[in-house]
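Asker: Just the structure for this:
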Amino acid sequence: MLAGRFSKYMNTPLARGAAVAVPLGVGGSLLGNVMDKEKGEGSARVVTEAGLAGLNTIGSVGGIMAAEGLGLSPNVQRQGLPNKRPGKLALSAVTLPIAAGIGGLVGGGVSNIANAIGVPGFNRGIDPSKVGLQGVDVNALYQMQRDLNKKAQK
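Answerer: Numbers count the residues shown, from 1 in each chain. Okay, the predicted model is just below:
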């Protein structure tokens, strides 16, 4: 039902460019978050950065150029832009990471605001040395079970 309604938009150069650019933007952002040295980022922060990195690549020239360079979209001659497929792939190789990086920066800023107001999932993660309630002995459950076993044996 929806596919029929929007099918006329699916064959546009922008839609084909987005189909190439969004996975590259999201994948690049996720790969960057996995490979960096900063551990313990909240899952909502990583998803927000990746989502905005992908969204920012949709309207970029790089997505349209990548689709045309890969042969997914007709090779359209545009003034001021490369006309041959290798030139279009080179242009997309430069512009897509820039667009995704700017989107990731915006996602990081949105995540910082969410972290500052205390939205769960955007924090730096759980510190393993501070798990549990403060002032509670870590062996309290084990100790309680041992005490109950002693009482049951009497």
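Asker: give me the number of residues near residue 102?
Answerer: As a burial measure, residue 102 scores 15 neighbours (other Cβ atoms under 10 Å). For the C-beta atoms, the positions are set from N, CA and C on the backbone; glycine is no exception.
Asker: same question, residue 4
Answerer: Neighbour count of residue 4, defined by other Cβ under 10 Å: 7.
Asker: Regarding it, which helix or strand does it belong to?
Answerer: Using DSSP states H and E, residue 4 sits in helix 2-10.
Asker: repeat for residue 121
Answerer: Counting by DSSP H and E, residue 121 is found in no helix or strand.
Asker: What strand or helix carries the closest residue to it other than its chain neighbours?
Answerer: Of all residues not flanking residue 121 in the chain, residue 44 sits nearest, at 3.2 Å (Cβ to Cβ, 6 or more residues apart in numbering). Assessed by DSSP H and E, residue 44 sits inside helix 43-58.
Asker: Please compute how far that helix lies from its chain's middle.
Answerer: 4 Å (Cα atoms, centre = their mean, to the nearest Å).
Asker: Tell me where the longest helix sits in this structure.
Answerer: Across the chain, the helix with the greatest residue count (assigned by DSSP state H) is helix 85-116.
Asker: Please name every helix or strand in contact with it.
Answerer: Contacts defined by 3 or more Cβ pairs under 8 Å, 6 or more residues apart in numbering; DSSP states H and E place helix 85-116 against helix 13-35, helix 43-58, helix 61-69.
Asker: Of all these, which one comes closest to residue 94?
Answerer: Of all those, it is helix 61-69 that lies closest to residue 94, at 7.3 Å by Cβ to Cβ.
Asker: Residues contacting that closest one, please?
Answerer: Residues outside helix 61-69 that contact it (Cβ atoms under 8 Å, 6 or more residues apart in numbering): 13-14, 16-22, 24, 57, 73-76, 81-82, 85-89, 91-96, 98-99.
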